[in-house]
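>>> here is my input; please provide its structure:
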Amino acid sequence: MRSVVCRAFGDPAAVRVETLPDPVAAGDGVCIAVCSAGLSFANLLALQGQHQNRAELPFTPGTDVSGVVIGCGPEVTLFRPGDRVAAAVRRGGFTERIVVPQRTVFALPDSVDHDSAVQFPVMYGTAYAGLKWRARLAPGETVLVHGAAGGSGMAAIEVAKCLGARVVATAGSDEKADACRRHGADFVINHRRESFRPAVLALTDGRGADVVFDPVGGETFTESTRCIAPDGRLLVIGFASGTLPELPANLALVKNFDLIGLYWGHYLGWGRQPGHPGDEARVRAAMAEMFGWHALGRLSPDIHGRYALDDFQAALGVLAAREVIGRVVLNPLAEPAIRRGLTG
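Residues are numbered from 1 along each chain as shown. Okay, here's the model as predicted:
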């Protein structure tokens, strides 16, 4: 099989596609022929060695894939060859084939295409867990979503609307602002033209946002602490700015807000003791609800661009330029070719 392989942290331009041995499914492993793999800014941080979950070299980046099952270990009970699936993977997604533990593999409804499917295992999952489980978002509350035109931000807009919230989004261009509105944002602030802090306060009659969804960090985090409502919840999702913010504890005290971390991988069992199953039943129920929302047209993944595996450098370049609206995907393999191989 062919995979993107990083052998040294630093310049992503030095990463190459290599030929590796085909993986073999054992135990509860599900072998997937990858039709689509999602890219995000976190992949750039991982290749530079700057992601908080630092990989051991060499490694293949990529945390979410979709494709067709081509093999199953003897302990697999939910899938069989030929099934269409999406999967969350700790790393290794930029490849033609991958083996994934059954607990993080999800059957795809026929209505979900592979490029859309890669939004669900991590991006929509993060938005859902952050807003519903961690922030306990209630109908009628106001959510401030940063980085709203990116994959995680756009997912947060749509999930927040499904949960009955009012959404204020921040974006860095008129084009990105229009995309946020198309996906349900009630108000959009172009942060390159105006400070979002006074705008949020004006939109909430001085009260501030009940929940802040922040995948950016840096100064965005700092300004968010100054426009959050009493009893508000500030969700720390990631640090796309490249800067880890610091919070003066007295600010949380005097403003009565909660600082809430969200690592979606915790629910998938990543980083826990070996053999820990994660929260499989809870995660599967969340995926089922989100696939139901998609069937109703309430979740509409936006694909910015599609690239062949050999063109992954161009895809990373688009991410680095911060031009992306929605999600960038790689297409290592085509489903018809996989099915021809399964049927002989």
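>>> and S111, what does it touch?
294-295 (Cβ atoms under 8 Å, 6 or more residues apart in numbering). The way it works is simple: take the backbone N, C-alpha and C, and place the C-beta from them, glycine included.
>>> before we move on, what SS does it have?
coil (DSSP: H, G, I helix; E, B strand; the rest coil).
>>> how close does the nearest residue to L108 once chain neighbours are set aside get to G93?
In space, and not counting its chain neighbours, L108 is closest to R84: 4.4 Å by Cβ to Cβ, 6 or more residues apart in numbering. According to Cβ to Cβ, to the nearest Å, R84 and G93 sit 17 Å apart.
>>> neighbour count for the two, which is higher?
A count of neighbours by other Cβ atoms under 10 Å puts G93 above the other of R84 and G93, at 31 against 21.
>>> looking at this, L316 is in a helix?
Yes - secondary structure assignment places L316 in a helix (three-state DSSP).
>>> OK, contacts around the nearest residue to it once chain neighbours are set aside?
Distances taken as Cβ to Cβ, 6+ apart place P12 nearest to L316, at 5.4 Å, with adjacent residues excluded. Residues in contact with P12 (Cβ under 8 Å, 6+ apart) are 6, 44, 47-48, 313, 316, 320.
>>> other SSEs contacting the longest strand anywhere in the chain?
When the chain is parsed with DSSP state E, its longest strand is strand 29-39. For strand 29-39, the packing partners by 3 or more Cβ pairs under 8 Å, 6 or more residues apart in numbering; DSSP states H and E come out as strand 64-72, strand 84-88, strand 97-101, helix 114-117, helix 312-320, strand 327-330, helix 335-343.
>>> make TSV from the ones you listed and add distance to A240 to it.
Formatted as TSV, those follow (distance: least, Cβ to Cβ, whole Å):
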stretch	distance to A240
strand 64-72	17
strand 84-88	19
strand 97-101	25
helix 114-117	22
helix 312-320	10
strand 327-330	14
helix 335-343	32
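>>> out of these, which comes closest to S241?
helix 312-320 (13.6 Å; Cβ to Cβ).
>>> mind listing what's buried in that closest one?
Neighbour-count burial for helix 312-320, counted by 16 or more other Cβ atoms under 10 Å, picks out 312, 315-316, 319.
>>> tell me, what residue is most central in this protein?
M123 (2.4 Å; Cα atoms, centre = their mean).
>>> ok so that one is a strand residue?
No - M123: not assigned to a strand; according to three-state DSSP it is helix.
>>> and it, what's its pLDDT?
Model confidence at M123, given as pLDDT, is 94.
>>> repeat that for P12.
On pLDDT, P12 comes in at 78.
>>> how far away is it from F312?
9 Å.
>>> repeat for E175
Going from E175 to F312 by Cβ to Cβ gives 24 Å.
>>> next one: F41
15 Å.
>>> mind listing what's buried along the longest helix along the chain?
Across the chain, the longest stretch assigned as helix under DSSP state H is helix 280-295. Neighbour-count burial for helix 280-295, counted by 16+ other Cβ under 10 Å, picks out 283, 286-287, 290-291, 293-294.
>>> from those, which is closest to Y307?
H294 (23.5 Å).
>>> just give the nearest non-adjacent residue to that closest one, would you?
Leaving out its chain neighbours, the residue that sits closest to H294 by Cβ to Cβ, 6+ apart is V112, at 6.2 Å.
>>> got the contact list for the one you found?
Counting by Cβ under 8 Å, 6+ apart, V112 makes contact with 86, 120, 291, 294.
>>> any idea what the residue nearest to L108 is bridged to?
V68 (DSSP bridges).
>>> before we move on, what SS does V200 have?
Taking three-state DSSP, the label given to V200 is helix.
>>> for stretch 317-334, buried residues please.
319, 324-333.
>>> coming back round to it: so which of the buried residues of helix 312-320 is the closest to F221?
So of the buried residues of helix 312-320, ranked by how close each gets to F221 (Cβ to Cβ), first place is L319, at 20.9 Å.
>>> wait, doesn't that closest one sit right on F41?
Yes - counting by Cβ atoms under 8 Å, L319 touches F41, with 5.6 Å between them.
>>> secondary structure element holding the nearest residue to S195 once chain neighbours are set aside?
Closest residue to S195 apart from its sequence neighbours, by Cβ to Cβ, 6+ apart: E223 at 7.2 Å. Assigned by DSSP states H and E, E223 belongs to helix 218-224.
>>> and the contacts of that helix?
144, 146, 170, 191, 195-197, 209, 212, 214, 234, 236, 239, 241-243, 245, 247.
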